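K.L.:
okay, here's the prediction I keep looking at, along with the sequence it came from:
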Amino acid sequence: MQKSKGRYQGMGQLSGFKHGRLRLTLSMVIISLLGSTGLSWGAIGWADIVDPASLLTKLTKKRCATGFAVSLSGPVIYCIKRKLSLPNGDFQSECKAIDQGKLGFSWTPRPTAPPVAQVKAYACPDGATARQEENRFFCEFSGLFIPENVVQLRSYCTYLHRGYLGYSYRLP
């Protein structure tokens, strides 16, 4: 390195390289945060990025009902209740009222035991309310968190037999 005006030539380049690398690293962190939270570029602006309080508010915004796990697939946000243990009986999902913040499952006990004994032996998952209509029993999640102005709100009930129940939506 040659000395020029009290500085070594090349140091500015090295310093600039480190500064540029820091910018690149910071940009990668911000992009990964955006991707992992299901936010689109339109939802976060430069004002949010340069203001840490605003950025944290947007990144930690509630997306699913309490007790439901958040899973992201591109712009779609899935709110899933996992590892549900299901009662013995013929069960089916009850997901037609998701637009009202309700979903659940129902079952008819197998005839091997008295219905009341089977229901007392089975407890609905945390957050669900149990009810009975004649010989059919229900576990219902109600008051589910669904953001305003969602696009394509759908129930996710196909895999109930595997212990998964939930809903998905897109934000505008």
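P.N.:
Structure's in. What do you need? Numbers count the residues shown, from 1 in each chain.
K.L.:
ok, for Gln152, nearest residue in space, not its chain neighbours?
P.N.:
Beyond its immediate neighbours in the sequence, the residue positioned closest to Gln152 (Cβ to Cβ, 6 or more residues apart in numbering) is Arg170, lying 4.9 Å away. Any C-beta I mention is one placed from the backbone N, CA and C, and that applies to glycine too.
K.L.:
go ahead and confirm the one you found touches Pro75.
P.N.:
Yes: counting by Cβ atoms under 8 Å, Arg170 touches Pro75, with 5.3 Å between them.
K.L.:
ok so, going back, report the beta-bridge partners for the residue nearest to Gln152.
P.N.:
With DSSP bridges as the criterion, the beta-bridge partners of Arg170 are Val76, Val151.
K.L.:
residues in contact with it?
P.N.:
Contact analysis of Arg170 by Cβ atoms under 8 Å, 6 or more residues apart in numbering lists Pro75, Val76, Ile77, Val150, Val151, Gln152.
K.L.:
run the last query once more with 7 Å
P.N.:
With Cβ atoms under 7 Å, 6 or more residues apart in numbering as the criterion, the residues that contact Arg170 are Pro75, Val76, Val150, Val151, Gln152.
K.L.:
what does Leu153 give?
P.N.:
The contact partners of Leu153, by Cβ under 7 Å, 6+ apart, come to Ile98, Asp99, Ile146, Tyr167, Tyr169.
K.L.:
try 8 Å
P.N.:
Ile98, Asp99, Ile146, Tyr167, Ser168, Tyr169.
K.L.:
can you turn the buried part of those residues into a ChimeraX selection?
P.N.:
Only the buried entries of the contacts of Leu153 go into this ChimeraX selection, using 16 or more other Cβ atoms under 10 Å:
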select :98,146,167,168,169
